[in-house]
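K.L.:
Got a predicted structure here, sequence first:
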Amino acid sequence: MIDTFLPTEYEVPATIGNYMKFEDGDNTFRILSSPVLGYKYWVDTKDGKRQPMRKRMTEALDMSQIPDPDEVKHFWAMVVWNCDLKKIQILEITQKSIQRILRGLAKNVKWGNPRDYDIVVNKTGKKMETRYTVTPDPKAPLDKEVAKEYKEKIINLEALFTDGDPFETEKVNPDDIPL
């Protein structure tokens, strides 16, 4: 007997938040903003949760105030268009291998600014065995609907440094939008 409780093609919807995370397999995105750069570490809160703390690269880190100095990570945070989910999100990159490749592409005269093409990051493995490969797609103009949505979004990456919500602050600078 066939179960008719739910339609056979039904899938539980995934929660789509404001932050992009690399999933197993290909993750395709278009960078929309210049990154903010800094350091991130975690602290335990009074209610037993862990909270991220971020400092700008220009700010001194007081290692005596950081619970586990070995957990401090250099990060890039940027606004992206998640091509897979069709959503504007913030992507925080802490993986040095990905940072080095994106920096290399940006400095290469044939590729140039990574906002001019989609990036595909392939993630494989788990925990200490996780590996990433980065592939740029051919240069292509940003979709006009994506550019319009980005111009209308309220995003301020600097709020990451004050424990604020980047989506509830001042509007994005239209000069940062590649057309």
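P.N.:
Arrived safely, thanks for sending. Everything quoted here is computed from the prediction, not taken from an experiment.
K.L.:
quick one: buried residues of the longest helix belonging to the chain?
P.N.:
Criterion DSSP state H: the longest helix present in the chain is helix 96-107. Within helix 96-107, the residues that count as buried by 16 or more other C-beta atoms under 10 Å are 98-99, 101-102, 105. (Glycine included, C-beta is placed from N, CA and C.)
K.L.:
And for stretch 43-50?
P.N.:
By neighbour count with 16+ other C-beta under 10 Å, stretch 43-50 contains no buried residues.
K.L.:
What segments of the protein are strands?
P.N.:
Assigned by DSSP state E, the chain shows strands spanning 19-20, 25-31, 36-44, 50-56, 73-82, 87-93, 118-124, 131-136.
K.L.:
residue ranges with poor pLDDT in the protein?
P.N.:
For the chain, applying pLDDT under 70 flags the ranges 1-3, 14, 169-179.
K.L.:
Try it again at 50.
P.N.:
1, 179 (pLDDT under 50).
K.L.:
Quick check, central residue of it?
P.N.:
Geometric centre of the chain, nearest residue: Leu91, 0.6 Å, by C-alpha atoms, centre = their mean.
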